[in-house]
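**Q** okay, here's the prediction I keep looking at, along with the sequence it came from:
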Amino acid sequence: MADHLCPSTHAADIDQQKCPLKNYGAGVSFYTPMQSIPAGTTTVPQPSGNSIPKLFHPIKLRGIELQNRIVVSPMCQYSADNGKHTVWHLTHLGGIIQRGPGLTIIESTAITEEGRITPEDSGLWEDSQIEPLKRLTDFAHSQGQRVGVQLNHAGRKASTVAPGIDRKAAAPAGAGGWPDKIFSVSDVPYDEHTHLPQILTLDGIAVIKKAFVAAAQRSLAAGFDAIEIHAAHGYLLHAFLSPATNTLLAPYGGSSENRMRLLLEIVEETRAVIPSAMPLLVRIPGSDWVEGGFTVDDAALLGAELAQRGVDLIDVSTGGLMSTQKIISGPGYQAPFSRAVKKAVEGTGALVSVVGLITSAAQAEELLQNGSADLVFVGRPFQKNPGLVWQWAEELGLEVRVANQIGWGYGQHAGRGIKVDLGKDALFN
């Protein structure tokens, strides 16, 4: 018996053909078994003979391949220690990532210390914050999974109390806040519960641009596969975009062209410092849901401008700018906005995603089939069920790979299924 077993080693470079029974390591600095087929990959052909829904078609995002079109939306955890990720982030996100979403985007990550939403926000304003993030990206890569980061400046919504403590409270200095360092495009606070902002000067705007670029460079060192710039939900870049909040004069206020200028400059400078194969995403507002605010037509125009500047995925959300907003909510309520942006960028190669109250596989599939988006972003359902990808596959009568450590208990064989080549279109008719 001993003659037929392989040595007890975890080296990743051993020839697997010579030792087919070995539980090979994933080729990272710590031992974890390699996933020869990443979780979330469709089994081809399907044992049932069923065709494969679009939700589980692989898709190319610039230089990376996603095994399905389900993206974990950025979800703030308010659990960082001076911007540094903690064990909470590793365990929370690790459990989701190992179950196979096509891409996971890490929560709003501040580009400056005063750009945090709360004192417990994730950050990339200094080099010491790189290593805790790299622990997460290393784990994701050990599972064959892709992970991105969302870069943000909170603007006038900065220095608030984590919502798990109080959903309507500003963080004073005594609670780790920074009430004297709130910056935006006007001196009007978001609401009666937030701090009074200072108006950014041209020098201050230059600092913001440099900080976004520096954070993007740190993202590379942290091992991320993609970068998303947050320009929605009422944070700083959204405030620049909207005529409802931007009271500045030229060159960054007034006309639509001027209001888009800062975001477009940040996109251009970020695109210039990241690898040519690295996807760049931008989350934009589809509507402010207020009179005189940013509209779906503005979003379509902005989407086209972003596509021209090398943005690979436009992530369309809405709201968050004004406390007086009147959102008309419901299942998939943001789909009309993503659909309009998708139409505006048709032929550019840029992809578009939809987010918001997407709660079933059938609904997600329909949004892809009817032209609302190319991918779906899902947040809260993953909080409730980290195995959502598997659940949605089962809802559609589909078999997908799960991690070997989980799948064997359900009869999954390590060699079953294939890692699909994007060119094999016939498999997805």
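**A** Sure thing, it's come through.

**Q** all contacts plus neighbour counts: C-alpha atoms, from now on.
**A** Fine.

**Q** that's a strand at V376, yeah?
**A** Yes - using DSSP: H, G, I helix; E, B strand; the rest coil, the assignment for V376 is a strand.

**Q** which residue ranges form the strands in the stretch 301-429 of the chain?
**A** Secondary structure of the stretch 301-429 of the chain (DSSP state E, counting those that start in this stretch): strands at 313-317, 351-355, 375-378.

**Q** of these, which is nearest K60?
**A** strand 351-355 (9.7 Å; Cα to Cα).

**Q** what pLDDT, on average, does the closest one get?
**A** Mean pLDDT, strand 351-355: 99.

**Q** just checking, what packs against it?
**A** The contact analysis (3 or more Cα pairs under 8 Å, 6 or more residues apart in numbering; DSSP states H and E) places strand 351-355 against strand 313-317, helix 335-344, strand 375-378.

**Q** what's the longest one packed up against?
**A** Using 3+ Cα pairs under 8 Å, 6+ apart, the elements in contact with helix 335-344 are helix 296-308, strand 313-317, strand 351-355.

**Q** mind listing what's buried in that helix?
**A** Residues 335-344 are the ones in helix 335-344 that count as buried (16 or more other Cα atoms under 10 Å).

**Q** quick check: angle from it to strand 313-317?
**A** On the basis of axes from the mean of the first three to the mean of the last three Cα atoms, to 10 degrees, helix 335-344 is oriented at 150 degrees to strand 313-317.

**Q** make 12 the starting number, not 1.
**A** In the new numbering, first residue 12, that becomes helix 346-355.

**Q** list the helices and strands the lengthiest helix in the chain packs on?
**A** Using DSSP state H to define each element, the chain has its longest helix at helix 213-232. Helix 213-232 is packed against helix 141-153, strand 158-163, helix 267-284, with contacts defined by 3+ Cα pairs under 8 Å, 6+ apart.

**Q** of all the ones you listed, which one comes closest to V366?
**A** Using Cα to Cα, the helices and strands packed on helix 213-232 put strand 158-163 closest to V366, at 15.1 Å.

**Q** can you give me how far that closest one is from the chain middle?
**A** Mean-position distance between strand 158-163 and its chain equals 6 Å (Cα atoms, centre = their mean, to the nearest Å).

**Q** need the contact partners of it.
**A** 85, 114-122, 126-127, 148, 151, 223, 226-227, 230, 235-242, 246-247 (Cα atoms under 8 Å, 6 or more residues apart in numbering).

**Q** ok, A243 - contacts?
**A** 249, 294-296, 328-332.

**Q** which one of the helices and strands packed on helix 213-232 lies nearest to L77?
**A** strand 158-163 (10.4 Å).

**Q** each with direction, which strands does the closest one pair with?
**A** strand 114-121 (parallel), strand 237-241 (parallel) (DSSP bridges).

**Q** helix or strand right after that strand?
**A** strand 194-195 (DSSP states H and E).

**Q** now that following strand: mean pLDDT?
**A** 98.

**Q** quick one: contacts of the next helix-or-strand element following that strand?
**A** Next helix or strand after strand 194-195 toward the C-terminus (DSSP H and E): strand 209-210. Strand 209-210 is contacted from outside by 192-198, using Cα under 8 Å, 6+ apart.

**Q** distance to E410 for those residues - can I get that in JSON lines?
**A** Shown next, in JSON lines, are the contacts of strand 209-210 (distance: Cα to Cα, whole Å):
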{"residue": "K192", "distance to E410": "52"}
{"residue": "I193", "distance to E410": "50"}
{"residue": "F194", "distance to E410": "50"}
{"residue": "S195", "distance to E410": "49"}
{"residue": "V196", "distance to E410": "50"}
{"residue": "S197", "distance to E410": "52"}
{"residue": "D198", "distance to E410": "54"}
